[in-house]
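Q: for reference, the sequence and a predicted model appear below.
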Amino acid sequence: MTSPVNPDEPDSPINPGKVVWSGENPGIYLKDAQGEWQALASYFRVVTSPFGPGAGMLVLGAPRRAAGWPDAPNFCLSTSEPMMRWLVKDFVSQFASFRGMDGLAAMTYLAADSTRTDGDGRFHQETVGGAGVVARMRWDGLSSPFAVDVPRAMSATGKHQMVSVFVEAESASIQVNDQALPGQVIERDFLGRRMRTAFLAFSETWIEPAAR
C-alpha cells in the first residue's frame, strides 16, 4: 500500500501529494437476477475541491438508456453543478460500475434546494430535493467500519491515491419521488475482498501523488 509518509522527511507524517478533493461518497449499486445493473446512485458531500464545497446525488435509474430526466430517471441533483460536472467527468465516469453507461452522459443536471442526513448507526439515509424531484438513498444493516489506503495503481482513475473509511450495508434502496428503483444489492470483488454494492464512504480523500 502507498505510505502517507514523505520519503524526503522520514519522520514527517505529512503526505506530500496534492489533495484534489475530500468529503463523503457513499454509493448504492443494484442488479437484477440476470446480473444486469438496474440502478446506480452515488452521493457526494464535498468539503474541499477546485470548485469549493457542495453536495449532490447522482441517480441512474436507467443506466444504459441515453436519456435524462424526466424521460428517464437519470439525473444529478446538486447544490453545485460545476463541481458535480467535474466529479462526473474526472472521477465517476471512471468508476467501474458507471464506466460506459449511456445514461451518465445523457443525465439531466438539476439544482437542489435541500439536503438532509439521517441515521442512528444502524441505518444511514441521504435525501436531496429540488426542481420537483426528491431523491433518497438509504442503507440498512451497517457493518463495522474499516479504513482503506488505495495506491494510484489500484484506484479507479489510475492517477490518484485514495484514502477513506468504508461501512458496508446488508441492504439498501434508491427512491425517486417515493418510488423505489429496481434491483438488489450484490457482492463483488473490490479492493482485494468481497464487498457489497451498498456502502458508506466517509473521510474520502483523493490525492495526486507528489512527483518523485
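A: Structure's in. What do you need? Residues are numbered from 1 along each chain as shown.

Q: run through the bridge partners of Gly23.
A: Here Gly23 sits in beta bridges with Val46, Glu204, as judged by DSSP bridges.

Q: which outside residues touch the helix or strand of the chain with the lowest mean pLDDT?
A: When the helices and strands of the chain are compared on mean pLDDT, DSSP states H and E, strand 187-190 comes out lowest with a mean of 86. Residues outside strand 187-190 that contact it (C-beta atoms under 8 Å, 6 or more residues apart in numbering): Arg194, Met195, Arg196, Thr197. For the C-beta atoms, the positions are set from N, CA and C on the backbone; glycine is no exception.

Q: now for the residue nearest to the third one when sequence neighbours are not counted, how many residues are close by?
A: In space, not counting the residues next to it along the chain, Arg196 is nearest to Glu168; the distance is 4.8 Å by C-beta to C-beta, 6 or more residues apart in numbering. When neighbours are defined as other C-beta atoms under 10 Å, Glu168 has 21 of them.

Q: got it, and Gly130?
A: As a burial measure, Gly130 scores 16 neighbours (other C-beta under 10 Å).

Q: got the phi and psi for it?
A: Summarising the backbone geometry of Gly130 under the convention degrees, to the nearest 10, its torsions are phi 160, psi 160.

Q: rewinding a little: show me the contacts of strand 187-190 that map onto helices.
A: Secondary structure assignment (DSSP state H) places none of the contacts of strand 187-190 within helices.

Q: from those residues, which would you call buried?
A: Buried residues within the contacts of strand 187-190, counting neighbours by 16 or more other C-beta atoms under 10 Å: Met195, Arg196, Thr197.

Q: the second one bridge partners, please.
A: For Arg196, the beta-bridge partners under DSSP bridges are Glu187.

Q: surely Trp37 is in contact with Ile28?
A: No. Shown here, Trp37 and Ile28 do not form a contact pair, counting by C-beta atoms under 8 Å, at 11.3 Å.

Q: quick one: which of these two has more around it?
A: Between Trp37 and Ile28, counted using other C-beta under 10 Å, Ile28 has the larger neighbour count: 26 against 19.

Q: average pLDDT for stretch 70-83?
A: Predicted confidence along stretch 70-83 averages 98 (mean pLDDT).

Q: ends of it, how far apart?
A: Using C-alpha to C-alpha, to the nearest Å, the end-to-end distance of stretch 70-83 comes out at 22 Å.

Q: report the buried residues of that stretch.
A: Residues of stretch 70-83 classed as buried under the neighbour-count rule (16+ other C-beta under 10 Å) are Ala72, Pro73, Asn74, Phe75, Cys76, Leu77, Ser78, Thr79, Ser80, Glu81, Met83.

Q: the longest strand belonging to the chain packs against which elements?
A: Counting by DSSP state E, the longest strand found in the chain is strand 161-176. Applying 3 or more C-beta pairs under 8 Å, 6 or more residues apart in numbering; DSSP states H and E, one finds that strand 161-176 contacts strand 27-31, strand 133-142, strand 146-150, strand 193-196, strand 198-208.

Q: out of the ones you listed, which gets the lowest mean score?
A: Out of those, the stretch the model trusts least by mean pLDDT is strand 193-196, with a mean of 88.
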